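Trainee: below is the sequence, then the predicted model.
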There are 2 protein chains.
Amino acid sequence: MKESALRQQGRGVAAEQLRRHNLSTILDRLHLSGPMSRSELAQQTGLNRSTVADLIGELATLALVEEGPGAANTGPGRPSPVAKVRPEGATVLALELSVDSIAVATVGLGGHIYNQIRVARPRGRFTPEETVEDISKLAEPLLGALPGAHQLVGVGVAVAGVVRRTDGFVHLAPNLGWRNVPLGTIVEKRLSLGQAVSMANEADLGSLAEYRRGAGSGVQHLLYLAGEAGIGAGIIQEGRPMLGAAGYAGEVGHTRVNPEGRQCRCGGKGCWETEAGEAALARRAGVSDLIGQRLVEELILRATTGDSRTLEALTVTGRWLGLGIGNLINIFNPDRVVVGGSYHDLYPYLEESMIRSVQEVALSAPGESAEIVPGVLGVDAPLVGAAELALSSVITNPAAATGVHPGFAVDFVDDGG
Amino acid sequence: MKESALRQQGRGVAAEQLRRHNLSTILDRLHLSGPMSRSELAQQTGLNRSTVADLIGELATLALVEEGPGAANTGPGRPSPVAKVRPEGATVLALELSVDSIAVATVGLGGHIYNQIRVARPRGRFTPEETVEDISKLAEPLLGALPGAHQLVGVGVAVAGVVRRTDGFVHLAPNLGWRNVPLGTIVEKRLSLGQAVSMANEADLGSLAEYRRGAGSGVQHLLYLAGEAGIGAGIIQEGRPMLGAAGYAGEVGHTRVNPEGRQCRCGGKGCWETEAGEAALARRAGVSDLIGQRLVEELILRATTGDSRTLEALTVTGRWLGLGIGNLINIFNPDRVVVGGSYHDLYPYLEESMIRSVQEVALSAPGESAEIVPGVLGVDAPLVGAAELALSSVITNPAAATGVHPGFAVDFVDDGG
DNA sequence: GTCGAATTGTCGGGTCCCGCAACAAACTCA
DNA sequence: TGAGTTTGTTGCGGGACCCGACAATTCGAC
């Protein structure tokens, strides 16, 4: 969420951008790590005490940060005042249009969640307009419940489909039944909040969330796998989301792993998700009539009673899952692989065969250094990521925070936790 | 090759680093785009005329850049002096330890190649020490032939194997027959030039070379495929090499695409390179006794005479190649895919079935925007990349150019063309 | 051939931003 | 209560860039 100003390639950099960078660095630290003493900030950033004081002063003037008395008993010496973000100084609306549910949250700087609601929804039955209408109605009371003094700075949207970052155009969302939908425009018009709308793929935002506020702590290279109806991936490289040329990167579900495999919805044959996806799992377990959360719950129920067909289905699916993960480890050499989405709850049952398969496929050098863990944010990871996405504009350029940013957010600002 | 100082995450930035950044920006432009007028530089960087003059002055003091009279007939107004790099101001030794050959080049700033030599070598017959000895002997006359005033600033090495960036430790180089070799140390000791040695995987350096000086012009997201004995990939994302946690990223040859496939040398089964690699091609064409350049030449000969078995082998291999490329397009969403290595010369024969297969596998959104082209640097891409790698330290921090940098280069400095 | 327009180098001054050093403040521990 | 330690505060200085004014140089039109 920082340094973007300095990364505009090939451009010179003036003092003004330097200031922006340092403001952003301080704010990002406070946003991610919570309240921190001034002296701690100075240490971590390498900036001088006086500079830190000045920067915090400016952030306080912008109403993004406030200082409180420092904690006592911290050793000898003058106590350092503790700075913390003001959630109401920059709040965002986070939306998620997922396969089996829609969700809304109001989130303030620092990751403070004011309110959050998720509603189940049958698959593929609604037009984009209907869905946006429904989610807007969910959002309205949450917006009304925000503290009076809050400053709304943006809207972030996670959507289960292939979406263009620049304008929120949805090329394909097979599980929502959409194709070529200008979703960004629709959301912006319906909400008419006069705020920038940023939109991104669910898995990409899930990876962002786990990286910044979840299972990715201390790691710079993360691979996040989201098993919903299909399989999506979000990739963090060097602490930055890997988006590809147009933001379509990470469509790992449609990589072919079995030329002799079944037909996939995408038109291809033997895609990874036809072997390791939800439908394959349901088929193997003999419960093809179930989907989504209901499927997961039923499988867990049967697995705990020791149902052999279910256990076998989980083992086989885990094996295919591991094969794909092994492939991705060879491709990306991540520090950590975070398993989210439906697989999050099924993780204990998939783990054994999955790990074995990973070990078989991954080369020793990248394989040994990659740690595989379930996510810690569960189903809410994309929603948290949508909030982070919307907040990123303020964090990248705190000084511009007070202005109004209408229209569609032009570029996603990556982070550098 | 720039801005690295400003991308140290979470750190504050002082004015000194800003200066380094701008020096680096100017030098990188000149290094990549060749001679340029001052006014042009000012326009492109967005820096003020006076600032550009000052920066160029400093670079001239460092003997990295010189100014000449501006070209005439450029329109009205005072002519702007043209700045250009001085190749002898920063020269490097580039080495390549490839599967079927070893190569050496002496290269100066701006990409000026003083001398270059490549020697064929049978596969897998030499110890690391022997190979380093041989390549050192190749290098000595080239170093001796450098102009007297030259300033040697580093050594770059491309190696056909899984190599750790930090110290040049080779985990595995199956086609060289090596395993767990501290190659960085061996090279550094044998050369004993007192210069930093940077080492990286051949495919990664090939991608860097094609991106900066080859088929990647104007593109920020590049996927480079090198078919040698195996298949390696180098990935450029947002203009930066994607290296992974330890620099092992891009081992795409050992992703599994056919669970029913043949045994691979890596111990696995159905790896991409067992289907699309050189050995598979030779087997299908019935010339398993041939390898490397000899194989390529023989296949081209037979193909031009219309030999049906050869043509069929190329078609089938192209299909498998396309399948893997389609997978990678779904994963990375590149602007351009550059095909190098052995496949470079065979490209015309592989193209048709390959493209068809890509179109079948790649999703429409990322697929339509990805352009597939043969490389323009041919077999020398990794060697050129090794030179770029070695030069990157000077380009990133021109002011430190005059000092001596013994030992092993600590970090690879990515580029931002 | 001369003059005006356009473009760019050069130089001095100003601003912004950060680091530094000295001092004051506030806390801990003996 | 006083010494020691850590940190905030303040004024100063330097580095780096921008700006404006002026000079230099070229092109093109008359």
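Mentor: That came through, no problem. Numbers count the residues shown, from 1 in each chain, chains lettered A, B, ... in the order given.

Trainee: can you name every helix or strand that the one helix or strand A:Leu346 maps to contacts?
Mentor: Per DSSP states H and E: A:Leu346 is located in helix A:342-361. Packing partners of helix A:342-361 (3 or more CB pairs under 8 Å, 6 or more residues apart in numbering or on different chains; DSSP states H and E): strand A:222-227, helix A:292-304, helix A:308-332, strand A:371-374. From N, CA and C alone the C-beta is placed, and that goes for glycine too.

Trainee: turn those into TSV, including distance to A:Leu32 and mean pLDDT.
Mentor: Shown next, in TSV, are the helices and strands packed on helix A:342-361 (distance: least, CB to CB, whole Å; pLDDT from 0 to 100):
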stretch	distance to A:Leu32	mean pLDDT
strand A:222-227	15	95
helix A:292-304	30	94
helix A:308-332	23	96
strand A:371-374	19	96
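
Trainee: winner for burial among those?
Mentor: A comparison of the helices and strands packed on helix A:342-361 by mean neighbour count, using mean count of other CB atoms under 10 Å in any protein chain shown, puts strand A:222-227 on top with a mean of 29.

Trainee: so A:Ala280 sits right up against A:Leu321, yeah?
Mentor: No - A:Ala280 is not in contact with A:Leu321 according to CB atoms under 8 Å; the separation is 9.9 Å.

Trainee: return the nearest residue of the stretch 1-150 of chain A with respect to DNA strand D.
Mentor: Distance from DNA strand D to each residue of the stretch 1-150 of chain A (CB to the nearest atom of the strand) is smallest for A:Gly77, at 2.1 Å.

Trainee: worst-scoring helix or strand of chain A, pLDDT-wise?
Mentor: The weakest-scoring helix or strand in chain A, judged by mean pLDDT, DSSP states H and E, is helix A:364-369 (a mean of 85).

Trainee: ok, and what's touching that one?
Mentor: Contacting residues not belonging to helix A:364-369 are listed as A:326, A:329-330, A:332-335, A:358-359, B:162, B:171-172, B:244-246, B:248-249, B:251 [CB atoms under 8 Å, 6 or more residues apart in numbering or on different chains].

Trainee: how close does whatever residue of the stretch 201-350 of chain A ends up closest to DNA strand D sit to A:Arg212?
Mentor: Residue nearest to DNA strand D within the stretch 201-350 of chain A: A:Gly218 (23.1 Å; CB to the nearest atom of the strand). To A:Arg212, A:Gly218 is 12 Å away according to CB to CB, to the nearest Å.

Trainee: among the two, which residue is more densely surrounded?
Mentor: Taking other CB atoms under 10 Å in any protein chain shown, A:Gly218 and A:Arg212 do not tie; A:Arg212 has more neighbours (22 against 7).

Trainee: quick one: the helices in the stretch 151-300 of chain A?
Mentor: A:183-191, A:202-213, A:272-276, A:278-285, A:292-304 (DSSP state H, counting those that start in this stretch).

Trainee: out of the ones you listed, which is closest to B:Pro35?
Mentor: Ranking the helices of the stretch 151-300 of chain A by distance to B:Pro35, with CB to CB as the measure, places helix A:202-213 first at 41.7 Å.

Trainee: rewinding a little: now do the least confident helix or strand of chain A: distance to the chain's middle.
Mentor: For helix A:364-369, the distance from its own C-alpha centre to the chain's C-alpha centre is 26 Å (CA atoms, centre = their mean, to the nearest Å).

Trainee: next, the buried residues of that helix.
Mentor: Buried residues in helix A:364-369, counted by 16 or more other CB atoms under 10 Å in any protein chain shown: A:365-367, A:369.

Trainee: nearest to DNA strand D, of the residues you listed?
Mentor: Nearest member of those to DNA strand D, counting by CB to the nearest atom of the strand, is A:Ser369, at 35.2 Å.

Trainee: if I look at the closest one, how far off is A:Leu350?
Mentor: 22 Å.

Trainee: quick one: low-confidence parts of the stretch 1-150 of chain A?
Mentor: Flagging of the stretch 1-150 of chain A using pLDDT under 70 yields the residue ranges A:1-14.

Trainee: show me which residues of it sit near DNA strand D.
Mentor: Residues of the stretch 1-150 of chain A lying close to DNA strand D by CB under 7 Å from any atom of the strand are A:12-15, A:37-39, A:42, A:49-50, A:52-53, A:75-81.

Trainee: let's see 6 Å
Mentor: Proximity of the stretch 1-150 of chain A to DNA strand D, by CB under 6 Å from any atom of the strand, involves residues A:12, A:14-15, A:37-39, A:49-50, A:53, A:75-78, A:80-81.

Trainee: next, give me the two most distant ones among those.
Mentor: A:Gly12 and A:Pro76 (45.5 Å).

Trainee: with neighbour numbers in mind, choose between these two.
Mentor: Legend: neighbour count by other CB under 10 Å for A:Gly12 and A:Pro76, higher for A:Gly12 (21 against 4).

Trainee: next, count neighbours for the closest residue in space to A:Gly234 that isn't next to it in sequence.
Mentor: Nearest-residue entry for A:Gly234: A:Ser207, 2.5 Å, with adjacent residues in sequence omitted and distances by CB to CB, 6 or more residues apart in numbering or on different chains. By other CB under 10 Å, 32 other residues sit near A:Ser207.

Trainee: who's in contact with A:Ser207?
Mentor: Neighbours of A:Ser207 in contact, by CB under 8 Å, 6+ apart: A:216, A:222-224, A:233-236, A:241, A:338, A:385.

Trainee: ok, so of these, who is nearest DNA strand C?
Mentor: A:Pro241 (25.9 Å).

Trainee: right, and the closest one touches A:Leu208 too?
Mentor: Yes - between A:Pro241 and A:Leu208 there is a contact under CB under 8 Å: 5.9 Å.

Trainee: neighbour count for the two, which is higher?
Mentor: A:Leu208 (34 against 28).

Trainee: quick one: secondary structure of the nearest residue to the more buried one once chain neighbours are set aside?
Mentor: The shortest distance from A:Leu208 to any non-neighbouring residue, by CB to CB, 6+ apart, is to A:Gly385 (4.2 Å). The three-state label for A:Gly385, taken from DSSP: H, G, I helix; E, B strand; the rest coil, comes out as helix.

Trainee: wait, A:Gly385 touches A:Asp204, no?
Mentor: Yes - counting by CB under 8 Å, A:Asp204 is a contact partner of A:Gly385 at 7.4 Å.

Trainee: ok, the residue of the stretch 101-250 of chain A found nearest chain B - contacts?
Mentor: Of all residues in the stretch 101-250 of chain A, the one sitting closest to chain B is A:Gly244 (2.6 Å; CB to the nearest CB). Applying CB under 8 Å, 6+ apart to A:Gly244 gives the contacts A:250, B:221, B:237, B:332-334, B:366.
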